[in-house]
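Asker: based on what follows, work out the 3D shape:
(one chain, ligands or ions: 1)
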Amino acid sequence: MSGTAGRAAVIAGVGSCLPPRVVGNEELARRLDTSDEWIRSRTGIARRHLVDPGTATAALAVEAGASALKSAGRADVDSVIVATTTPERLCPATAPQVAARLGLAGVAAHDVSAVCTGFLYGLATAAGQIATGLADRVLLVGAEAFSTIVNPADRTTAVIFADGAGAVVLRAGTADEPGAVGPCVLGSDGDLSDLITIPAGGSGHRSRGVPAHPDDHYFQMQGRDVYRHAVERTTEAALAALARAGWRCEDVDRFVPHQANARICAAIAERLDIGSDRQASNIERVGNTAAASIPLLLADEAAAGRLASGDRVLLAAFGGGLTWGATTLTWPELAAVAAPATAAVREPAG
Ligand code: UT7
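Answerer: This next block holds a predicted model:
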């Protein structure tokens, strides 16, 4: 083997972070026309973590990133990628700030924008950087202060979306070792971009020179249509990723889907014939955390001891764009993975 031939991205560390404030369904039902029963039965969510005023995406990303670097046993990387729907600012990207706050100023750093599929797009990007020799080690973070873009008066989104961050460290290795990331399958359909959108704030709206309606600065979703596309596209992507990896559905030890909605996850698992004993889920406790969802769930599963070295894991996600994706990986041998960091989420002083 010479040069970059045969290089594969291998997971070397995992970490996560949740803001300390827990908001249950009853609290939402006090200010919105909804109920605990509706939220639980339609989404599977009982509670979620939300940031307090003054805390945004970078703070969560830094905590999750620090936890993943600690789990990897090394603090150095060549590249930092942040997948997020809620960047600190429209410009510049959030990743350079996260890198600097982790003591990594100087490394390559950029954001990935693919809404709930962001972590899988980021994983494919990180794996590509490693396969081509652009990087030997990459920190990939999925982080969202999603509540900052949710319209507090919109019961269709306020009950679903939540805040948090998860991170993985990837290193150069070989495809046959535990932790190796398999082939990534990614897709999109921009003809359906209006189904999940923040209409105002970008150049499309600004170029028209017309003041925006205040609601157009908030996240908007046509849930029923999204639901249908999510089940179909995610299932197709998962089957394509399995085929490329040479795995059958019955080979999967753990299915780790983006936690969009418990019913969506169950419908996809049913189509893949993956029983509930092989499905990972934490949506009941953390809600839908968009780009943070998959790495948060991986960290949860690892911390709970539900992932063993060599386990065959299937990841799949769907989100705005529309975008979707799936990949396989085998679980690495990792030192103990910490439960999500919560208390230490702080913005820097000043
Ligand atoms: O994360 C990746 C992208 N996002 C997703 O994948 C989310 C996809 N969509 C969904 O998860 C679901 O469509 C929702 C959870 C958003 C909605 O569930 P649903 O079963 O599709 O409900 P629906 O939109 O068909 O609405 C059913 C009823 C409607 O009332 P009518 O028209 O039947 O009288 C809604 O107005 O439920 C009503 N409704 C609510 N009622 C109480 C909608 N939201 C709420 C609410 N509380 N929070």
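Asker: distance across stretch 192-203, terminal residue to terminal residue?
Answerer: Stretch 192-203 has its terminal residues 19 Å apart, counting by CA to CA, to the nearest Å.
Asker: how about it: buried residues?
Answerer: Across stretch 192-203, burial judged by 16 or more other CB atoms under 10 Å covers L195, I196, T197, I198, P199, A200. C-beta: built from backbone N, CA, C; applies to glycine.
Asker: next one: stretch 259-278
Answerer: Across stretch 259-278, burial judged by 16+ other CB under 10 Å covers 259-262, 264-269, 271-272, 274, 278.
Asker: how long is that stretch end to end?
Answerer: Chord length of stretch 259-278, first to last residue, is 15 Å (CA to CA).
Asker: just confirm yes or no for it near the ligand.
Answerer: Yes. Contact of stretch 259-278 with the ligand (CB under 6 Å from any ligand atom) involves A260, N261, I264.
Asker: strands of the stretch 1-150 of the chain, start to end?
Answerer: 7-17, 21-24, 47-50, 79-83, 108-112, 137-144 (DSSP state E, counting those that start in this stretch).
Asker: got these as JSON lines, with mean pLDDT, distance to A158 and mean neighbour count columns?
Answerer: Formatted as JSON lines, the strands of the stretch 1-150 of the chain follow (pLDDT from 0 to 100; distance: least, CB to CB, whole Å; neighbours: other CB atoms under 10 Å):
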{"stretch": "strand 7-17", "mean pLDDT": "97", "distance to A158": "22", "mean neighbour count": "27"}
{"stretch": "strand 21-24", "mean pLDDT": "97", "distance to A158": "10", "mean neighbour count": "14"}
{"stretch": "strand 47-50", "mean pLDDT": "98", "distance to A158": "10", "mean neighbour count": "24"}
{"stretch": "strand 79-83", "mean pLDDT": "98", "distance to A158": "22", "mean neighbour count": "30"}
{"stretch": "strand 108-112", "mean pLDDT": "98", "distance to A158": "25", "mean neighbour count": "21"}
{"stretch": "strand 137-144", "mean pLDDT": "98", "distance to A158": "14", "mean neighbour count": "33"}
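Asker: got these as CSV, with distance to P332 columns?
Answerer: Output for these, formatted as CSV (distance: least, CB to CB, whole Å):
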stretch, distance to P332
strand 7-17, 5
strand 21-24, 31
strand 47-50, 27
strand 79-83, 19
strand 108-112, 22
strand 137-144, 14
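Asker: so which of those strands comes closest to the ligand?
Answerer: Shortest separation from the ligand across those is recorded for strand 137-144, at 10.7 Å, computed as CB to the nearest ligand atom.
Asker: tell me which other helices or strands that closest one touches.
Answerer: Counting contacts by 3 or more CB pairs under 8 Å, 6 or more residues apart in numbering; DSSP states H and E, the secondary-structure elements packed against strand 137-144 are helix 57-72, strand 79-83, helix 95-101, helix 118-131, strand 164-174, helix 293-303.
Asker: one more pass at 7 Å, please.
Answerer: For strand 137-144, the elements it packs on are helix 57-72, strand 79-83, helix 118-131, strand 164-174, judged by 3 or more CB pairs under 7 Å, 6 or more residues apart in numbering; DSSP states H and E.
Asker: still on that earlier bit, what is the nearest of the buried residues of stretch 259-278 to R244?
Answerer: Checking the buried residues of stretch 259-278 against R244 by CB to CB gives L272 as the nearest, at 15.1 Å.
Asker: for the ligand, what are the nearby residues on the stretch 251-350 of the chain?
Answerer: The stretch 251-350 of the chain comes close to the ligand at residues A260, N261, I264, N288, F318, G319, as judged by CB under 6 Å from any ligand atom.
Asker: which of those fall in helices?
Answerer: Cross-referencing those with the helices (criterion: DSSP state H) gives I264 as the overlap.
Asker: what about the residues of the stretch 251-350 of the chain next to the ligand, which are in strands?
Answerer: Assigned to strands by DSSP state E, the following of these qualify: F318, G319.
Asker: of the residues of the stretch 251-350 of the chain next to the ligand, which is the nearest to P178?
Answerer: Closest approach between these and P178, by CB to CB: F318, at 27.5 Å.
Asker: could you pull up the residues touching that closest one?
Answerer: Residues counted as contacts of F318 (CB atoms under 7 Å, 6 or more residues apart in numbering) are C116, T117, A230, R233, T234, H258, A260, W324.
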